[in-house]
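Student: Using only what follows, build the 3D model:
(3 chains)
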Amino acid sequence: MIKNSRQGPLIRAEAVSRVYPLSGNRSVIGIHRIDLRIDPGELVVIKGESGSGKSTLLSLLGGLDSPSEGRLFVAGRKLHRARPEELTQFRRTAVGMVFQSFNLLPTLTVLENVALPSLLAGNPPGQTRTRAEELLDWLSMTPRLDHMPGQLSGGEMQRTAIARALINDPEIILADEPTGNLDSRNAAAVVALLADLNRRWQRTVVIATHSDLADPHATLQVRLLDGAIVSGGS
Amino acid sequence: MRLFFRLFICFNLRHAVRHRWRVLIVVAGIALGAAVFTSVRLAIHASVQSFASSMNRIAGAADAVLTKPGGLVPETLMAPILRHPALSSAAPVSTAYVTSRFRPDEPFLLVGVDPVMETAFRPWGVEAPSSSRGLWLQLMAEPRAMIAADKLADLLGAGTGEDVELIHLNRHAPFRIAGIMKGGGTSLIDGGRVAVTDISSFQEFTGRLGGIDRIDLRLRSGSDPTALAAILPPGVQIDKPTAARDSGLQMLQAYRLNLSILSFVSLFVGMFLVYSLVALHGASRRRELAILRSLGGSKRLLFFLFLAEGAFFGLAGWLAAFPVGTMMVQYLLEGINETISTLFVRVHVDRLALDPWEIVLSFAVTMAVSLLGALLPAREAMKVAPKEVLSVETPLRQRKKTAHLAFGGVAAVFFALFIARISGSVPGYAAAFLLFAGLSLLSPWILDRMGAALPSGLSRIGGEPARLAARYLRDSGIRAAVSVAALTTAVALFCALAVMVHSFRHTVEAWVHQSVSGDLFLRPKMAEFNRYRDPIPPKTLKTLQKLNAPVDFLPYHRIFLDYGGVPYQFDTIDFQAFSKYGSFLWVAGDPASVYPALERGEGVLVSEVFANRTGLGPGDRYRAQIRARVLDRPILGVVRDYRTRGGVVFYSFAHFAKQFDATAVNGMRIFFQDRGPELEPAVEELRGRILKISEGALEVTAGRQLRWIILEIFDQTFAVTFVLLVISLIVAGLGIASTLAVLVLERRRQFNTILAVGASPGQVRSVIFWEGLLMTLAGEATGILGGFLLSYLLIFVINRQSFGWTFLYRVDWTSLAVSLPLILAAALLTSLPAVRLVLSEPPAMLLRER
Amino acid sequence: MKMKDNPRITSVSAGLIAALAFLLVCTAVGGAEEAGFQKVTGPCALAFPEDHGAHRGFRTEWWYYTGNVHSDAGEPFGFQLTFFRTALRPGTAEEGDALRSAWKSSQLFIAHAAVTDVNRKIHLSAETAAREALELAGVRAGNETVTVYTRAWKACIGPQDHRLAVESERFSLNLSLTPQKPPVLHGNGGYSRKGSSPERASCYYSFSRLAAGGKIRVGDRTWNVAGTAWMDHEFSTAPLEPGLAGWDWFSLQLSDRTELMVFFLRKADGEIHAASAGTFVDPSGETIGLTRRQLAVEVLDRWKSPDSNAVYPVRWRLSTSGPDLALRIRARIDNQEMDTRQTTGVVYWEGSVTAEGTASGRPVSGTGYVEMTGYGQPFDAPM
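Tutor: This next block holds a predicted model:
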């Protein structure tokens, strides 16, 4: 269902920086003058130690934050100097995010968690429900539709999170340490899933991680150190 | 819209259900507040309405009323009045409270009228006109026939055709019930405890011959009532028909306002409860908020979700208030009825009419209060950045400029003191409100200063934990400041009221013991009800004076008058005899020079209430028409007096009797010359003797009893106030508890880190305790300061404007010294939940996040 | 017994008071309480001017004036003024008790007045009432003058004339009535039977012709008027005999200086009671009593009241024998109904009439007043 008909890169960052101001005229640099180019259909692995800026970069790509400098284009949208409402809209439709700590809402059922982004985007509830059930079925979560996150295992939670990331049919999947809280078996399964999404469903997948599990599937590897790209990128 | 509700249910409500105990406490708090607010208002409204409509019914269709202050309108005026071209109708009315042998403790109003003239003025609620005509004539045809309201007939246990023995002073006479009136209207006067009889029967029964209480008038259209003045004898004046009602309502005004405001306080603290809980939710679910944002939820969505939470608590609380309020209102109604009847005017409400506007108002206020409470937390929730999904650390908040707020606060305080000087009752409350606002605005700055200046000193006392606590408080932003402000308010209220009540009681006690001195107090039965209209029967008076007892008599004559709309009592006493056993509490004027002049009848003494209400003071002239003559004398001094039914003017008994040809006495105090240990039994013995002599015409009260009753009444009136205060303190405490919990939750990572690097659980607990302690100290200190300021406002401004009186300023240091540490200790207890919270997760949890 | 003039309502209170009066006339208050009151059982022995005053021992009494006058321009008016006294209980003043209220009184006075402006077809009425105490109402007997008053209204009966004064919001009367003939004693020396038994009687006399002059005000306009008037004074204790639906009462003043008073007591079945009677006064003041057999009346026309739906006769043929009179009588305005149903439950008709016909064959004309009761509903004052 994805059109790879876009000309040009799906993600393009030009000298993008993110600086955090502190009190007293001091600041902390998240990332510094990053140039990055990711084409549609790629599976990108971003590596780096803690504090290297992985999360900052990912948050910028996901529209969770705005660059302090530079130009950032994701899925045809201009994310630098974008208004908060535009970012909100972007988050609903253009990307799906998967997190290390799953980040499911504890008071919503599995089905409701998955349906949420679609409902937020304004889609009709009936249609949303159908699609959510489909996705969860595909991920073998059907027996757990009405369960609360507290009742799920780590692997089940991550599968739910992935279903949630997919519900709005985004072009890009962003994953922040997706296997960080999983045992080896589940970790492998998640990586396989992400690879599948990339190859068979032609999503562009960007994974920020310490682990090497995804390396075999990566079409691009980017390494970050102290907020700058040391290898990969463009 | 549907999405919003779905999300509200899934996100907010389910969470609320999971933490249902917290929610229930808040809802209960709001329910209590709303119940108190609504039921107090309903009860007061009902009492005031009952009084006003009773008075309106008595006034009927009259356009004007003729009265003779201090006396009776001569009945010979009736014929010339009726012939005057300016009038279309006139009717005589006389009233008295009487009792019956069957129910001697239940006084009711007996009204004497002329049935023929009445029809133009009052529809005496007899249902079918055809059956009533013969009935009305019967009142004239048959002496001592009366028509009783159905409620009264039930009370007396008698029906149509039956006799009831009525009692007025020492007169007993059988009255026959010729008919019953019902169906509303005048049959509801005085709560239905009313009966009508012919004016001739009334006069003969009460002994008030020769005159009538008042003549009601109806004017020909287009005619001017002042045209009547020419035929009115001296002393008779024309009044608005609502004069009596208006002066009664005025007396109730201040009481109403006070109770309303006090009841609002209880609702106001509910706001604070909502704030605490919603803030707690916002803080503890920060992560989830970030998730929502990251999934595409807008800022507005988050804002309204939390606002809706507040609204939900408000609604739930308001609904829960119904059962509570229903029970409360009955109880309150009784209490308020009694208080008003005892202190001000007779009211009688049996049944409460549910005014839809009051319900709407209570709903609106409750919702407003809840929404206001949720506003700040909702705004905070709105600010959660989506990128927080990827990190645990709360971004460093910019420290606000607290100095600006503090400046505003100080300005508000000064402004408050300035406003207080304006007259009227509202400025006093406005000033109090501004005072609270000002003190609250100071909290952020105080916490700021504490964080900056104290730490070095604190570390010497409490070690590192204390220093950390101070620093944390400084950085905690608005949340801690709000809790401190709430505690400030509660403590200030507490202190102020404690001081005020103590001052009040101290002053009233002094007054009671010095000015209300006397061993026995005599007055005609039901004098208070009948406004001292009837004198002590001359026969009884003579017998009293021939009593063989070692006592001094202090007779007085009391007349209820009106000075330009200000009701007051004109008391004539023997100043010399009075000064032997008692004294006044002077506010203005030198007793040494004033007393002799008073004794010579050269001037009058006025009460503080009279002076404040009329604006007259020493040096001004007091000029009043009393009966047929005018009394014009300079005001020589102002004294304290705590009667609730208006001001007082004192004049020499002898001089009044001579000038006004009025030797009647309607009250007397008796003093025993020998004040040894045998005093009490002697008083009792004399009391019994006098009761026997008077044959039921007199009420005789022992002085000690009377003074005790007066103080009792004052104590009871303040009981309600203190309950409300305790509630506000509890709520403020809850607020601090939840604030501390919130602060802990937000810094969980830091606390865990501290634990991980070697701090003991005890030390971490200590940080929390110090935070609680510092917050409480800040709140109490500011609160005490504010409390003293507020007490000045209460005593010298609000009381003065509302009731006309002030008190001697007295602080009960002992009770303050005891209660303030107690408050501190209680507040410290509130840090316990936060302490539990901080140690609830093992530090290892830290490491899961990157 | 003649019905009290009950006026049209001008105010609820007025009506209520009228009702009181009305009921009192017709019913015994609280039962047939005639006990204690003086009764008329035989000759009245009337003497004047004393008997112009009040007879407080009897239960009911009235002084009743009607008249037909005209302004300088010839505009015709009718007027009526009645003072009515009721004793609320028998017995007069009580023991001289020091504790006696000045309001204590056993006599109630009710006064009623009405004016008919014939040309403009206006009929106005007013009412007032008070007890006899504190100079609110009563009868003052002076040297030669008897003043009957209720509040501000009064009738001063002096040796020369009767002076009437009525002041109300919508109209006033200020008239001086000079008797043209001596008082007429009805029945037997004033003892006038009103029912089957001797006790059902009253003492009743009239001034059958008075020359009237003075002022009438209606609204803002005042007229000087002159004409003739009639005065009745009657007192008794007995109530109306049961079985009577009502009565028709006529007083006429004819152009040949004779007067006629006739009353018909109507029974429930429509028949006229045998006690119905009349009096004829000749120009010199001599009277002839007329019995039932000498009287005949025929209704020529009726009028239905739009307010009460009662149907009243408004044209009659009235004839008497010995003296022989044949008169056609016509109401000057149809609607002179007094509807006091709202307050008293009573509806009746009282108004100015004209007469035309023959007296012993010679043509005569005249004016007068007619009162009719019991047409709205059977006159059913509770018995």
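
Student: hang on, isn't C:Phe280 packed against C:Ser321?
Tutor: No. If you go by C-beta atoms under 8 Å, C:Phe280 and C:Ser321 don't touch, sitting 10.6 Å apart. For glycine as for every other residue, the C-beta is placed from the backbone atoms N, C-alpha and C.

Student: ok, these two, which is more surrounded?
Tutor: C:Phe280 (22 against 12; other C-beta atoms under 10 Å in any protein chain shown).

Student: Okay, that one and chain A: tell me how far apart.
Tutor: When distance is defined by C-beta to the nearest C-beta, to the nearest Å, C:Phe280 is 106 Å away from chain A.

Student: now that residue: how far from C:Ala226?
Tutor: 25 Å (C-beta to C-beta, to the nearest Å).

Student: Find the nearest non-adjacent residue to whatever residue of the stretch 151-300 of chain C ends up closest to chain A, please.
Tutor: Closest contact between the stretch 151-300 of chain C and chain A, by C-beta to the nearest C-beta, is at C:Glu169 (76.4 Å). For C:Glu169, ignoring the flanking residues on the chain, the nearest one in space by C-beta to C-beta, 6 or more residues apart in numbering or on different chains is B:Arg220 at 6.3 Å.

Student: how about the residue in the stretch 601-750 of chain B that chain C sits nearest to, what does it touch?
Tutor: Closest contact between the stretch 601-750 of chain B and chain C, by C-beta to the nearest C-beta, is at B:Ala697 (15.6 Å). Contacts were defined as C-beta atoms under 8 Å, 6 or more residues apart in numbering or on different chains; by that measure B:Ala697 touches B:Leu169, B:Asn170, B:Pro524, B:Lys525, B:Ile536, B:Pro537, B:Thr540.

Student: right, and A:Ser140 touches A:Ile162 too?
Tutor: No. If you go by C-beta under 8 Å, A:Ser140 and A:Ile162 don't touch, sitting 11.6 Å apart.

Student: Looking at these two now, which is surrounded by more residues?
Tutor: Using other C-beta under 10 Å as the criterion, A:Ser140 and A:Ile162 rank with A:Ile162 on top: 25 against 10.

Student: you'd agree the more buried one is up against A:Val190?
Tutor: Yes. Assessed by C-beta under 8 Å, A:Ile162 is found in contact with A:Val190 at 7.5 Å.

Student: Check chain A for the residue nearest chain C and tell me.
Tutor: For chain A, C-beta to the nearest C-beta, closest residue to chain C: A:Pro125, 68.1 Å.

Student: right, and that residue touches B:Arg2 too?
Tutor: Yes. A:Pro125 is in contact with B:Arg2 according to C-beta under 8 Å; the separation is 7.4 Å.

Student: Those two: which is more packed in?
Tutor: Between A:Pro125 and B:Arg2, counting by other C-beta under 10 Å, A:Pro125 is the more crowded of the two (13 against 9).

Student: who are the neighbours in contact with that one?
Tutor: The neighbours of A:Pro125, taking C-beta under 8 Å, 6+ apart as the test, are A:Ala115, A:Leu119, B:Arg2, B:Arg6.

Student: now B:Ala59
Tutor: Shown in contact with B:Ala59 (C-beta under 8 Å, 6+ apart): B:Val65, B:Asp216, B:Pro241, B:Thr242, B:Ala244, B:Arg245.

Student: What about those, which are in helices?
Tutor: Secondary structure from DSSP state H places B:Ala244, B:Arg245 of the contacts of B:Ala59 in helices.

Student: Just give me the neighbour total for the spatially closest residue to B:Arg171 that is not a sequence neighbour.
Tutor: Once flanking residues are discounted, B:Arg171 sits nearest to B:Phe205: 6.4 Å by C-beta to C-beta, 6+ apart. Counted with other C-beta under 10 Å, the neighbours of B:Phe205 add up to 25.

Student: Would you pull up the residue in the stretch 151-300 of chain C closest to chain B?
Tutor: C:Ala152 (4.3 Å).

Student: Skip the chain neighbours and tell me the closest residue to that residue.
Tutor: Nearest non-adjacent residue to C:Ala152, counting by C-beta to C-beta, 6+ apart: B:Arg83, 4.3 Å away.

Student: count of residues packed around that neighbour?
Tutor: Using other C-beta under 10 Å, B:Arg83 has 17 neighbouring residues.

Student: next one: B:Thr814
Tutor: A count of nearby residues for B:Thr814, using other C-beta under 10 Å, gives 9.

Student: is it true that C:Glu169 lies in a strand?
Tutor: No. Assignment of C:Glu169 by DSSP: H, G, I helix; E, B strand; the rest coil gives coil, placing it outside any strand.

Student: OK, contacts around it?
Tutor: Residues near C:Glu169 by C-beta under 8 Å, 6+ apart: B:Ser88, B:Arg220, B:Ser221, C:Ala126.

Student: OK, contacts around the third one?
Tutor: This means B:Ser221. The contact partners of B:Ser221, by C-beta under 8 Å, 6+ apart, come to C:Glu169.

Student: so how far is C:Ala126 from it?
Tutor: 15 Å.

Student: now do the first one
Tutor: Distance from B:Ser88 to C:Ala126, counting by C-beta to C-beta: 11 Å.

Student: who has more neighbours, those two?
Tutor: C:Ala126 (24 against 18).

Student: excluding its backbone neighbours, what's nearest that one?
Tutor: Spatial nearest neighbour of C:Ala126, chain neighbours left out: C:Ser168 (3.7 Å); criterion: C-beta to C-beta, 6+ apart.

Student: Tell me both backbone torsions, phi and psi, for that neighbour.
Tutor: Per-residue torsions, C:Ser168: phi -130, psi 180 (degrees, to the nearest 10).

Student: now the strands: where do they sit in the stretch 301-450 of chain B?
Tutor: For the stretch 301-450 of chain B, strands defined by DSSP state E, counting those that start in this stretch do not occur.

Student: Residue of it closest to chain C, please.
Tutor: B:Arg346 (26.4 Å).

Student: What pLDDT is listed against that residue?
Tutor: B:Arg346 is assigned 79 on the pLDDT scale.

Student: Spell out the residue ranges of the helices in chain A.
Tutor: For chain A, the helices defined by DSSP H cover A:54-61, A:84-93, A:110-120, A:125-138, A:154-166, A:184-199.

Student: Point to the helix or strand of chain B where mean pLDDT is at its lowest.
Tutor: Counting by mean pLDDT, DSSP states H and E, the weakest-scoring helix or strand in chain B turns out to be helix B:845-848, with a mean of 48.

Student: Tell me the confidence at B:His168?
Tutor: For B:His168, the pLDDT comes out at 91.
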